[in-house]
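Enquirer: Got a predicted structure here, sequence first:
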Amino acid sequence: MNNGYKHVANLSKCFDRKLKNLSKEYRERVLNKVSELALDIAKGKTLRGRYRGKKSLRVGIYRIIYEEPKHCVINLLDIRHRETAYRT
């Protein structure tokens, strides 16, 4: 049975923990954006510097940090507020 997804999304422990701490509204928005990413509808911005090789995807005031280590695999690494998303 084909569910239409082109990518497999792997959630890190950090991503899962922060997802649970979001409000219901943002949790739904993040999950919708992750579905779009898995369906290859959404594309993130390629990051530079210490985040080289990773991408970010905008969801309101939050950023989803992820990487695509190989074809059809997405590792969801973190969810951060936009003001602190790219800081240490």
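Expert: Done, it's in.

Enquirer: What sits closest to Phe15 if chain neighbours are left out?
Expert: Leu76 (4.6 Å; Cβ to Cβ, 6 or more residues apart in numbering). Where C-beta positions appear, they are placed from N, C-alpha and C, glycine not excepted.

Enquirer: Enumerate every residue touching Ile79.
Expert: Contact analysis of Ile79 by Cβ atoms under 8 Å, 6 or more residues apart in numbering lists 15, 18-19, 22, 30, 62-65.

Enquirer: still on that earlier bit, just the buried positions in the host helix or strand of the residue nearest to Phe15, please.
Expert: Following DSSP states H and E, the helix or strand that holds Leu76 is strand 73-81. With burial defined by 16 or more other Cβ atoms under 10 Å, the residues of strand 73-81 counted as buried are 74-80.

Enquirer: would you turn those residues into TSV with distance to Leu39?
Expert: Converted to TSV, those look like this (distance: Cβ to Cβ, whole Å):
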residue	distance to Leu39
Ile74	11
Asn75	17
Leu76	15
Leu77	20
Asp78	21
Ile79	19
Arg80	23
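
Enquirer: Nearest to Gly49 among the contacts of Ile79?
Expert: Distance ranking of the contacts of Ile79 against Gly49, using Cβ to Cβ, places Ile65 first at 12.9 Å.

Enquirer: burial count for that closest one?
Expert: Residues near Ile65, counting by other Cβ atoms under 10 Å, number 22.

Enquirer: what's the spacing between it and Lys43?
Expert: 14 Å (Cβ to Cβ, to the nearest Å).

Enquirer: And for Ser23?
Expert: 26 Å.

Enquirer: same question, Gly60
Expert: Applying Cβ to Cβ, the value for Gly60 to Lys43 is 17 Å.

Enquirer: Give me the nearest residue to the residue nearest the centre of the chain, chain neighbours excluded.
Expert: Centroid-nearest residue in the chain, with Cα atoms, centre = their mean: Ile64, separated by 3.7 Å. Once flanking residues are discounted, Ile64 sits nearest to Leu57: 4.4 Å by Cβ to Cβ, 6+ apart.

Enquirer: any idea which element the one you found lies in?
Expert: Applying DSSP H and E, one finds Leu57 within strand 54-59.

Enquirer: Before I go, just wanted to say thanks for your time.
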